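Colleague: Fold the following.
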Amino acid sequence: MTIKPSYRQRWKFSDDDAPYVAAFEAAAARLGFSRQRIEQSFDWYRDHGRQAGSPEKMRESFETFATGKGWGDDHVSDALLWHDVVHERGVEAVELGPAPAGADNEKRLAEIRKISAEDPQAYDSDPALQAEHMDLIAAIQGSPAAPGATPAQSAGARARDGAAAGGGDRLEEIRRMNRENPDAYNADKALQAEHEQLIAASLPAPAGAPAGGTIEGSGANGGADAQGAAE
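Modeller: Prediction:
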């Protein structure tokens, strides 16, 4: 299992973390967690969980964090229970099952498109958000990946290969149209597809890998550390 490039960038997860991340996301979706709360869990793990040390300290740290974010007692308890089961019995003990994806992906894609339209500077300065954008497009469109490549990397490689000179000017032109006439932009699927191809072309190829290739995982203990992702 390979971690998404956007998760690698934003939360510093490695491929060893991927089973834990997938298990938590699936469980959280079934339990009714919003995407915001799932991402808050990952933010906590990146900023606090890795440094917490013992499982007891991780529980205490997460409970303080989640309460401060306004989580209800039910979701805090659900997240802590997930952690306890994984810590004591391993990720294999957690029912994986598919998380609902279609509607969630469409909703998140709309959120990112809105950020791109209303705050292009924030979008342009956030490579992780741009990579997530590409991941979502690939997931929704089901774009075929080259052998050994992730969907987002394949889409990015195809766009980079086909990007014409002056693509940056065209990208800015489409972004301006999105800001000034969002109704026309939203009604034009071909324009949206061109926009997304230009965004993909603007992203750098993964370090240490050819365009469209995989990124090797790092950190032998990453999987064990990721047990706290849901605490």
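Colleague: Helices along this protein, start to end?
Modeller: Along the chain, counting by DSSP state H, helices occupy 5-11, 18-30, 35-44, 50-52, 55-68, 73-89, 102-118, 120-124, 127-141, 151-162, 167-180, 182-187, 189-202, 222-225.
Colleague: Save those as TSV, and put in mean neighbour count too.
Modeller: Using the backbone N, CA and C atoms, a C-beta is placed for each residue, glycine as well. Below are the helices of the chain laid out as TSV (neighbours: other C-beta atoms under 10 Å):
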stretch	mean neighbour count
helix 5-11	20
helix 18-30	21
helix 35-44	18
helix 50-52	15
helix 55-68	16
helix 73-89	17
helix 102-118	15
helix 120-124	14
helix 127-141	20
helix 151-162	21
helix 167-180	15
helix 182-187	12
helix 189-202	18
helix 222-225	18
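Colleague: I'd like these laid out as JSON lines, including mean pLDDT.
Modeller: Supplementary listing: the helices of the chain in JSON lines, determined by pLDDT from 0 to 100:
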{"stretch": "helix 5-11", "mean pLDDT": "92"}
{"stretch": "helix 18-30", "mean pLDDT": "87"}
{"stretch": "helix 35-44", "mean pLDDT": "94"}
{"stretch": "helix 50-52", "mean pLDDT": "88"}
{"stretch": "helix 55-68", "mean pLDDT": "93"}
{"stretch": "helix 73-89", "mean pLDDT": "85"}
{"stretch": "helix 102-118", "mean pLDDT": "79"}
{"stretch": "helix 120-124", "mean pLDDT": "81"}
{"stretch": "helix 127-141", "mean pLDDT": "71"}
{"stretch": "helix 151-162", "mean pLDDT": "39"}
{"stretch": "helix 167-180", "mean pLDDT": "76"}
{"stretch": "helix 182-187", "mean pLDDT": "76"}
{"stretch": "helix 189-202", "mean pLDDT": "74"}
{"stretch": "helix 222-225", "mean pLDDT": "37"}
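Colleague: With adjacent residues omitted, what lies nearest to residue 93?
Modeller: Among residues not flanking residue 93 along the chain, residue 85 sits closest, at 5.6 Å (C-beta to C-beta, 6 or more residues apart in numbering).
Colleague: Do I have it right that residue 19 meets residue 1?
Modeller: Yes: using C-beta atoms under 8 Å, residue 19 makes contact with residue 1 at a distance of 5.6 Å.
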